[in-house]
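>>> dropping the sequence and predicted coords here.
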Amino acid sequence: MNIHFIAIGGSAMHNLAIALKIGGHKVTGSDDEIFEPSRSRLKNYGLLPLNDGWFPENLTKQIDAIILGMHARPDNPELLKAQELGIKIYSYPEFLYYHSKDKKRIVIGGSHGKTTITAIIMHVLKKLKLDFDYLVGSKIKDFDVMVRLSNDAPIMIFEGDEYLSSPIDLRPKFHWYSPDIALISGIAWDHINVFPTFKNYLSQFEKFISLINKDGVLIYNQDDTALVGLTNGLNKVKLVPYGKPDYFIVDGVVYIRHDGKDYKLGIFGKHNMENIEGARRVCNELGINDTSFYDTVSSFEGTSNRLELILANSNGFLYKDFAHAPSKVKATVKAVREQFPQLNFVACLELHTFSSLNIDFIEGYYDTLSMADHACVYFNKHTLSMKRLPELSVKDVRNAFGRNSLQVFGDPGDLNKWLMSNKKKDTVYLMMSSGNFSGINFNELSVKLLG
């Protein structure tokens, strides 16, 4: 096929473009801005547009399909030209569904943990030499791209994002996939700009459950009250609840005990233990027994940006994490505190998303940083203006987090000075954001703090 991507620079979009080129399709694309690592990866595969911007004159009837990204607007000139020419327009979840409609589909949803759960399942299946297609939201060791499409793989694993499909398709992405096996890790209100109330957000998961195929399976976190409420009385599908496994920590190393045997792990935190348990239940449904699962999951080292270790030495540790919503921040901070109870703990959170910068939403962060010895919150005032949100004051942020000693910064230089003022031996630093703290180089920062 001859396929053109409108807004090719997105995380999922550029990976899908690469996967399709690897699969032998002719792929072109456009975008008005492309950031790293998308820019370098597109260039490596010969897919980087020659110029930034939109060029409707390049679209012809020789194009078989358009894949439209969320970064584009409904009045995008290329989109209007494609509609005028009658070219078939897909959102990327729609395109992936049609690719996988004759495969068994496994969809991992939830407000938190879905990337890690998807990655664990992929790791186990690859170690066991099973064939599968996939879509995952983060770079994973031993996988070159975040999307794989093939003709022969009998199953496809999706990370089921609840955000919208495209600017002209306002369905959540995971409503497209019609799973045979579904997992929901938990439900905590997010994306306030799209789902203005928790009730509205919850209804998206209720709809997702209704789209599970007849005789399908729903695996769910039994400790999530909202999720349990959605499963009460549900008899259309097989229900498989899960909790946390039996685990313990010895000398900073986490072990799971199962059937009298201890399995050493490469990740830590209660939320990750729950993620492992959910992944195990999915693998069981795919015919993988517990012994095979635990033998292979022991070598799983996590995913990019999810409690990713940047540097460890005799002075301490520096981790970065994608945590941004309140439930994710609280779980990540708790995991680090549990893992390093004796170390000085410095936690930094960037408010970067529309929800996290909204004065009506940030009260949800109350007490999320309480387990850190020293904590700060950073936000970029330019980001506020770009999202057309009112200003946040230091007082607003401190009140929302419920911590008078909380340091609040709007300048990356001030953040850096504060971090350096907290430099001392035996410290663990945790940097949490869905952005990058206005361009902080984490490798350089880790050397400065731990050198």
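Structure received. Numbering: from 1, shown residues only.
>>> got the end-to-end distance for stretch 45-55?
21 Å (CA to CA, to the nearest Å).
>>> from here on, count from 739
Happy to do that; since the first residue is 739 now, the last one works out to stretch 783-793.
>>> which residues does that stretch contact?
Stretch 783-793 is contacted from outside by 744, 746, 752, 755-756, 759-760, 765-772, 777, 780, 814-816, using CB atoms under 8 Å, 6 or more residues apart in numbering. Quick note: C-beta positions are derived from backbone N, CA and C, even for glycine.
>>> for stretch 801-808, same thing?
739-748, 751, 754-755, 769, 816-817, 820, 823, 825-830, 833, 901-907.
>>> mean confidence for that stretch?
Stretch 801-808 carries an average pLDDT of 97.
>>> for the stretch 789-938 of the chain, which segments count as helices?
815-823, 830-838, 852-865, 936-948 (DSSP state H, counting those that start in this stretch).
>>> any chance of those helices in TSV, plus mean neighbour count?
Converted to TSV, the helices of the stretch 789-938 of the chain look like this (neighbours: other CB atoms under 10 Å):
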stretch	mean neighbour count
helix 815-823	17
helix 830-838	21
helix 852-865	25
helix 936-948	16
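>>> between these, which one is nearest to residue 989?
helix 852-865 (23.6 Å; CB to CB).
>>> top helix in this protein by residue count?
helix 1008-1023 (DSSP state H).
>>> which residues belonging to that one are considered buried?
By 16 or more other CB atoms under 10 Å, the buried positions in helix 1008-1023 come out as 1009-1021, 1023.
>>> widest-spaced pair of these?
Top of the distance list for the buried residues of helix 1008-1023 (CB to CB): 1009 and 1023, 21.8 Å.
>>> quick one: residue 1164 and residue 1081 touch, right?
Yes: between residue 1164 and residue 1081 there is a contact at 5.3 Å, judged by CB atoms under 8 Å.
>>> these two: who's more crowded?
residue 1081 (18 against 12; other CB atoms under 10 Å).
>>> what do residue 1164 and residue 1081 both touch?
Shared contacts of residue 1164 and residue 1081, counting by CB under 8 Å, 6+ apart, come down to residue 1054.
>>> output the helices of the stretch 789-938 of the chain in JSON lines, with mean pLDDT and distance to residue 1156 appended to each entry.
Listed next are the helices of the stretch 789-938 of the chain as JSON lines, based on pLDDT from 0 to 100; distance: least, CB to CB, whole Å:
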{"stretch": "helix 815-823", "mean pLDDT": "98", "distance to residue 1156": "44"}
{"stretch": "helix 830-838", "mean pLDDT": "96", "distance to residue 1156": "40"}
{"stretch": "helix 852-865", "mean pLDDT": "97", "distance to residue 1156": "30"}
{"stretch": "helix 936-948", "mean pLDDT": "96", "distance to residue 1156": "34"}
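>>> so can I have a markdown table of these showing distance to residue 1174?
Shown next, in a markdown table, are the helices of the stretch 789-938 of the chain (distance: least, CB to CB, whole Å):
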| stretch | distance to residue 1174 |
| --- | --- |
| helix 815-823 | 28 |
| helix 830-838 | 24 |
| helix 852-865 | 18 |
| helix 936-948 | 26 |
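>>> hmm, back to that, who's in contact with the longest helix of the chain?
Contacts of helix 1008-1023 (CB under 8 Å, 6+ apart): 844, 846, 850-851, 854-855, 858-859, 862-863, 919, 921, 923, 955, 957, 959, 961, 978, 980-983, 985, 992, 994, 1003, 1005, 1028, 1031-1032, 1035, 1045, 1069-1070, 1072-1073, 1076.
>>> mind running it again at 6 Å?
851, 854-855, 858-859, 862, 919, 921, 923, 955, 957, 978, 980, 982-983, 985, 1031, 1069 (CB atoms under 6 Å, 6 or more residues apart in numbering).
>>> and what of stretch 899-914?
With contact meaning CB under 6 Å, 6+ apart, stretch 899-914 is reached by 806, 810, 811, 812, 829, 831, 832, 835, 847, 898, 942, 946.
>>> could I get that stretch in PDB with only the CA atoms?
What follows is stretch 899-914, C-alpha atoms only, in PDB (Å, rounded to 0.1, in the frame of the first residue of the first chain):
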ATOM      1  CA  ASP A 899      -5.000   3.900  25.600                       C
ATOM      2  CA  GLU A 900      -8.300   5.600  26.600                       C
ATOM      3  CA  TYR A 901      -7.400   8.900  24.900                       C
ATOM      4  CA  LEU A 902      -9.200  10.000  21.700                       C
ATOM      5  CA  SER A 903      -8.500   8.300  18.400                       C
ATOM      6  CA  SER A 904      -8.100  11.300  16.100                       C
ATOM      7  CA  PRO A 905      -9.300  14.900  15.700                       C
ATOM      8  CA  ILE A 906     -12.200  13.500  13.600                       C
ATOM      9  CA  ASP A 907     -12.800  10.300  15.600                       C
ATOM     10  CA  LEU A 908     -13.500  11.200  19.200                       C
ATOM     11  CA  ARG A 909     -13.800   7.700  20.400                       C
ATOM     12  CA  PRO A 910     -11.200   6.500  22.900                       C
ATOM     13  CA  LYS A 911      -8.500   4.400  21.200                       C
ATOM     14  CA  PHE A 912      -9.300   1.200  23.200                       C
ATOM     15  CA  HIS A 913     -12.900   1.200  22.000                       C
ATOM     16  CA  TRP A 914     -11.600   0.100  18.600                       C
END
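>>> list the buried residues in that stretch.
For stretch 899-914, by 16+ other CB under 10 Å, it's 899, 900, 902, 903, 904, 905, 907, 910, 911, 912, 913, 914.
>>> over to stretch 968-978?
968, 969, 975, 978.
>>> end to end, how far does that stretch reach?
13 Å.
>>> do the same with stretch 1099-1116
16 Å.
>>> now residue 849: how far from residue 927?
8 Å (CB to CB, to the nearest Å).
>>> where in the chain is the helix or strand with the lowest mean pLDDT?
helix 1119-1124 (a mean of 78; mean pLDDT, DSSP states H and E).
>>> contact partners of that helix?
Helix 1119-1124 has contacts (CB under 6 Å, 6+ apart) with 1095, 1148.
>>> quick one on the thing from earlier: of the contacts of helix 1008-1023, which belong to strands?
Secondary structure from DSSP state E places 919, 921, 955, 957, 978, 980, 985 of the contacts of helix 1008-1023 in strands.
>>> give me the buried subset of the residues you listed.
Buried among the ones in strands among the contacts of helix 1008-1023 (16+ other CB under 10 Å): 919, 921, 955, 957, 978, 980, 985.
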